[in-house]
Structures are given as C-alpha cells and as structure tokens.
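Trainee: coords please:
(2 chains)
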Number of protein chains: 2
Amino acid sequence: MSNDARFGLRRHATLSGPLPLDSGATLTPVEFGYETYGTLNADASNAILICHALTGDQYVASEHPVTGKPGWWSRMVGPGKPIDPERHFIICSNVIGSCMGSSGPATTDPATGAPFAMRFPVLTIRDMVRAQGLLLDYLGIERLYAVVGGSMGGMLAVSWAATFPHRVSAVVVIASTARHSAQNIAFHEVGRQAIMADPKWREGNYYADNDPPAAGLAVARMAAHITYLSEAGLTEKFGRKLQARTAKTFGFDADFQVESYLRYQGLSFTDRFDANAYLYITRALDYFDLGEEHGGLLANAFRATDARFCVVSFDTDWLYPTSESRAIVQALNAAAKRVSFVELSSPFGHDAFLLDSPELNAVVTGFLRNGG
Amino acid sequence: MSNDARFGLRRHATLSGPLPLDSGATLTPVEFGYETYGTLNADASNAILICHALTGDQYVASEHPVTGKPGWWSRMVGPGKPIDPERHFIICSNVIGSCMGSSGPATTDPATGAPFAMRFPVLTIRDMVRAQGLLLDYLGIERLYAVVGGSMGGMLAVSWAATFPHRVSAVVVIASTARHSAQNIAFHEVGRQAIMADPKWREGNYYADNDPPAAGLAVARMAAHITYLSEAGLTEKFGRKLQARTAKTFGFDADFQVESYLRYQGLSFTDRFDANAYLYITRALDYFDLGEEHGGLLANAFRATDARFCVVSFDTDWLYPTSESRAIVQALNAAAKRVSFVELSSPFGHDAFLLDSPELNAVVTGFLRNGG
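Mentor: You can find the predicted model right below:
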C-alpha cells in the first residue's frame, strides 16, 4: 500500500474466498488491485464504488502507472467534482479477469505456480460483482452509498443491484446496456479472432518469454475503438484529412489522419493491456444478459432492491444506444423502482461518458446529493 | 473463351494499353476477366456494364467457379429480370486490382516473370473505370446503354459518368457514395492491419509456396461483414441465440450463432479471395472522393455528362447511408442533370442491394426502360 497525493491510496488485497463462479468453478484466492480516495466515515455509510469499463482499471482519478496519463475519470472524481473524496469514501477496483493487480489469466495459478493463462475460469459480469462484494466485506462496508459505472461499468452497476439488492442505495448507469446485442458480440468476436489468429498467442501461453500477441491485440483494439466513436465525430475530427499536408502516397502507409490515429490507438493499447485478459473480459460482456439471469424478464432482476437509479445515455452512442438504456428504465418502472433517465446530446458517441461533459457532471451531482 | 448456358460467356482479354494510372505509373498489358450475356446489337447501342462490389467479381449471373454458388446478382440479371440478356448485351468485368482474371497483385509482372505482389501499382476507382473504357474499345462499344453498380460498383458508376461523360446514357447507383468517410476508411484500415499483421503475409510475397495470410484475411472479412449488416437485422437473424440448443460453454468456442456465422464468413472468404487484392481494392475505395477529383465540388464531376441517373439507398444501410446518396443527388441537381432518387426500406442494411428486393427490381426496370 502506497500513499501519494497524486494517486490516492494504491492498494492490494488477497482474500481467500473461495469465490464460487457462474461456470461452476471456484476461485481462491481472489486478488484485488484497487484504489481508494477519501475516508470511510464512522458508520461506513459514505462509500461509493466506481466500476470501470472493458479496458479500464482502478486508476480512476490517479496517474496510470504505465502510461503516466491522468485517471480515466478525473473529470468525475476529485475534490469539488461530482464524486468527491472530501465527502465520499471512493473505491475503484480492477475487475477480476483483468490485468492490473486483480486475479486474471496473467496471475499465478496456485495449483501450478505458473500463470493461469487460458486455464483461468471464464467469468461473468455477476462473478466480477460477487468478487467486489468480497472486497467490500473485507473493507467493512455493508452497504454502498452508491455504485457508479459507465459502459461495462454500468453493467456491473445494474448487476450490483440485482446481485446484492440491499447493499446499495443508489445506482448510476451511464452509456450502458442490460444485455449484449448480436452486433456487440460480433465486434468482440472479431477482436478475439484477431488475437487468437496471432501466432504469438500460442493458446494463451506467452507469458514466459514476454513476447505477447501484440499485433493481434492491436487489431482487436482498433476494431473496438471504431465502435466507441460516432461517424459524425470521426468526420468532425478527421474527415478525409491527410497526414501532415502531404499528398496521397499511393502506398500502404497511413495516408489519412484517421488511419494514423487508429494505428496509434492499437499500438499504445498493447503496452498496458494483456491479450488474454481482453479475451476473458469480452467473453464476460458477451455473456451478459441480466434479464436472462432472472427468468428472462429484466424487471425481475430489480424487484428485490431498495436502491434508486439514474440512467444516462448519449444520443450518438451506437455501441450501447439510448434504446438499451430505455429498456433498463422500462424494467425499473415495471418493478416500481425510483429511476431518473436522461439522454444527453454529444457528438462523440460512446466515448462521450469519458469526456468533458458539464451536463453529465450536473446529472451525477444532482442524483448523488438528492437523497441517498 | 467458353460458353455454357449456366455461365453466359466466360471471357478473358489481354490488351496492351498502356493504361496511365492516377499514381503516375503505367500498366501494360492490362488483363481482363469478364463475362458477357446476350448479344450486342448491330449499332452497339444495347450494352449494359455492371460494376461489382469490393469482393465481387464478373460472375454476376453465373455459377462461381470456386464456390459453385449462383451469380451474386442473379436476382437482377437474367431472362425476364430487370437487366435482361434477351434485350441487352451485358458485360461484367472483374476490376483491375482484383483476383479473378484481371490485372492485380497476383498476376504476373512482365518485368520479372513473377507475381507483382506489392509491386503492383496502387489504383484508384478512376483507374478501374479507365481500364473498363479500354475493354469497351476492344469490344467495339462506344457508348453504354447503361452502367449499373451497387456499393463499390456504384462508385465506379458515378465515376464512369465523370470520366467518360459521353460514353454512357444512364447510370444506376445503388447503396453507394461519392466519397469514403472517415469511418469507412477506419474499418478498412482495421482489415488491412489484420492482413499485414499476419506473419504469413510476408510483405505480400506469399504466392510461391501457396501459403497465404488466410487468418488475417478472415479477420478483415469478419470486421467488414459487420458493416454490411444492420444492427436490427443481426438481432432479428441471430439475437443472442446459442448454437444448437447447447448452454453456454464457459469457453472460447463459438457459443453464439452470430459468432459461428461470422467465423464462417471469414473462413469461406479466404478460399475465393486474394489478401493482397483486398489491400489494393480497399485502398482504392479509401482514396475515392469524386468531388475532390473535380476541384472539390461534386457537381463539377457531373457537368459534362449527358447521362440520366437513378440513385437508390436503403434506410438501414449504415456503411453508405442515405445521406451519402442524397449528396450525389444534390450534386446532380446542382449540375442540372436528370436524376431520380429513392430510399428503399429494408431490415438488412447495406447487404439489401444483393438480396431479394421486388422494390429494387421495379425501380431498375422502370428506369432502364423509360427512355435511355
């Protein structure tokens, strides 16, 4: 555990569990890389859990240890921000299956002393949530003031209310969905096939010689990255602009700025992310269908909870479009829960939830302060 | 040249050219794999040129020699169909850059006696059109009754009117665009990177040992294939249905039908298409901006032609959406040309132009018979 003003508290926990998984397998021990900001109050009633997206991590408001970049949601989390460490005890935990300190394919299998690789059990979003429940037990937090997440983090947030109906008072679900669509699955399958087609993948056994399937992972990231942006946003940002005022080269280098941008997104991603973790987390996302987990009716997932909800979508998000948020809101209404819903306008597609958005900040601020 | 009732006339021509290219290079000789159906009339006034899409070929209404499947547009071309060999002399020519008998990276470089591979010159859509002009000279056709194309074929069609303004009387442009958008370029760049990341690509020099970069090409095809389908169409066809009534496997096999379908699309494509040709043709598409070729104003591209136009889009096509067709129509109006425009309704996205569509057939039939 280290402490630094820039970083909040950088923490790690190894809990024995055992954690039973939806697959029937059991995980033990369960490792957690996580960060906390602020102080837990005397009755442990001010904790907010932030759930990260597919390739996110616990560095929500801290400098990333590999890239040196500011936290991925430092616009949302910090003194004077909607989620404020002066008022809340903020926890952001790397999901299990990932690669930033929590149990995942790159961590050591106690049975063999070697990395799990593809022997790591396939997980579900609910497994990730149950693991977070263990972490909260360890931290002495029975009930969360709020759980907040965007994209995959929003799926964890709705799954939180369904899995632990009395452990959370308020749920914020941003740019997310209660189930992965056929198109969502299709894009992820392209990414997985790109990784597994890379000869360096070697059935996942690439850890020993530190020569991972970076080319395949970069292609996977490029394909996914397109889905995070709107067509209009891409046109506004790049259009058909060429690199550095040169003319077309009549070759296969990156002539267009959008090509260069995508290549950079792919390559830089491979410095900070593990290819097997990408396989496991995309699989968990594709398996996600909260209604199916509750007898085929999404409203059933929410009947038991006493939480109130805030659902936010962005009008140009075609990865998890507003219609998916509406399905969550309709199910919450059918279950007679308190829910507020807003569709925000942004040119930036799915990525909008990570970008500067005074409207989003106002919505989250208002919801978190108003009741609880 | 072979003749068979199922095939129409399967033809090949090697023309000396030379063909000057937009890159400044010159191609000589220029090879053409093409098919014809019907008979050219005495004054050579009944010829219709059909332009194929990115991965299409000359087998528009004939059994494909590799896959054994019916022609890709046999719903549109045939006796009693909108484009009728009993009335028209129909030509469908494999574009240069492709791999079904026309000059491309897999054909022999006369300078070396070996396949061109990546020494083949980078092409533009206009280069493909100019090559088709050579073929028509050879066939003794000065002026086309019509040029008809969908998707990339539609780009060739509009480029035909711009490049040879007095050699075509009617132009049919279906599910197409006058320029590739940033998002279009982005998807193609993912595909190119997938191919080039495959170690079997070897800078394009894979012909000698018949061991092509099939895995990379399959991933490229999978990514592109998603863009050919609508989200609603994918949901209707696959939703989250599992394979063969089995439960989730908690593994990385294709659990969902949409995964299995996409994998099949990727793998089967590699049997019939050359990876380098995919690089070259996607590059030509990404370079395509007909307005830019004419001083930055699309209307300029159409000023000289005396052709009349029919532009058709599909409402769920998000690859080349209706707005792109409208831009063509507006430019034609600005140039005071005769144009009819229709947006058809279909759940099937971009692919709709290849599927059974009585409305599309009616539009094309009416346009081709009405004047000319």
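
Trainee: ranges for the helices of the stretch 1-150 of chain A?
Mentor: For the stretch 1-150 of chain A, the helices defined by DSSP state H, counting those that start in this stretch cover A:125-139.

Trainee: up against chain B, what does it have?
Mentor: Selection of the stretch 1-150 of chain A residues close to chain B by C-beta under 8 Å from any C-beta of the partner chain yields A:22-25, A:118, A:121-122. (C-beta placed from N, C-alpha, C; glycine too.)

Trainee: turn those residues into JSON lines, columns for distance to residue A:300, neighbour count and pLDDT.
Mentor: JSON lines is the format used below for these (distance: C-beta to C-beta, whole Å; neighbours: other C-beta atoms under 10 Å in any protein chain shown; pLDDT from 0 to 100):
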{"residue": "A:22", "distance to residue A:300": "17", "neighbour count": "18", "pLDDT": "98"}
{"residue": "A:23", "distance to residue A:300": "22", "neighbour count": "17", "pLDDT": "97"}
{"residue": "A:24", "distance to residue A:300": "23", "neighbour count": "8", "pLDDT": "97"}
{"residue": "A:25", "distance to residue A:300": "26", "neighbour count": "15", "pLDDT": "97"}
{"residue": "A:118", "distance to residue A:300": "34", "neighbour count": "16", "pLDDT": "98"}
{"residue": "A:121", "distance to residue A:300": "26", "neighbour count": "20", "pLDDT": "98"}
{"residue": "A:122", "distance to residue A:300": "24", "neighbour count": "21", "pLDDT": "98"}
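
Trainee: closest one to residue A:43 out of those, please.
Mentor: Taking C-beta to C-beta as the measure, residue A:22 is the one of the residues of the stretch 1-150 of chain A next to chain B closest to residue A:43, at 33.0 Å.

Trainee: which residue packs closest to that closest one, ignoring adjacent ones?
Mentor: Nearest residue to residue A:22, sequence neighbours excluded (C-beta to C-beta, 6 or more residues apart in numbering or on different chains): residue A:124, at 4.4 Å.

Trainee: ok, now residue A:89?
Mentor: Leaving aside its sequence neighbours, residue A:89 sits nearest to residue A:40 (C-beta to C-beta, 6+ apart; 4.1 Å).

Trainee: quick check, nearest of the residues of the stretch 1-150 of chain A next to chain B to residue A:220?
Mentor: Nearest to residue A:220 among those: residue A:118, at 16.1 Å, using C-beta to C-beta.

Trainee: tell me which parts of the stretch 201-350 of chain A are close to chain B?
Mentor: Counting by C-beta under 8 Å from any C-beta, the stretch 201-350 of chain A comes close to chain B at A:215-216, A:218-219, A:222-223, A:226, A:229, A:231, A:234-235, A:237-240, A:248, A:250-252, A:254-256, A:258-259, A:262-263, A:266, A:279, A:283, A:286-287, A:289, A:292, A:318.

Trainee: could you flag which of the residues you listed are buried?
Mentor: The neighbour count (16 or more other C-beta atoms under 10 Å in any protein chain shown) marks A:215-216, A:218-219, A:222-223, A:226, A:229, A:231, A:234-235, A:237-238, A:240, A:250, A:252, A:254-256, A:258-259, A:262-263, A:266, A:279, A:283, A:286-287, A:289, A:318 as buried among these.

Trainee: let me see the contact set for residue A:260.
Mentor: A:243, A:254 (C-beta atoms under 8 Å, 6 or more residues apart in numbering or on different chains).

Trainee: quick one: residue A:329 is in a strand?
Mentor: No: with DSSP: H, G, I helix; E, B strand; the rest coil as the criterion, residue A:329 is located in helix rather than a strand.
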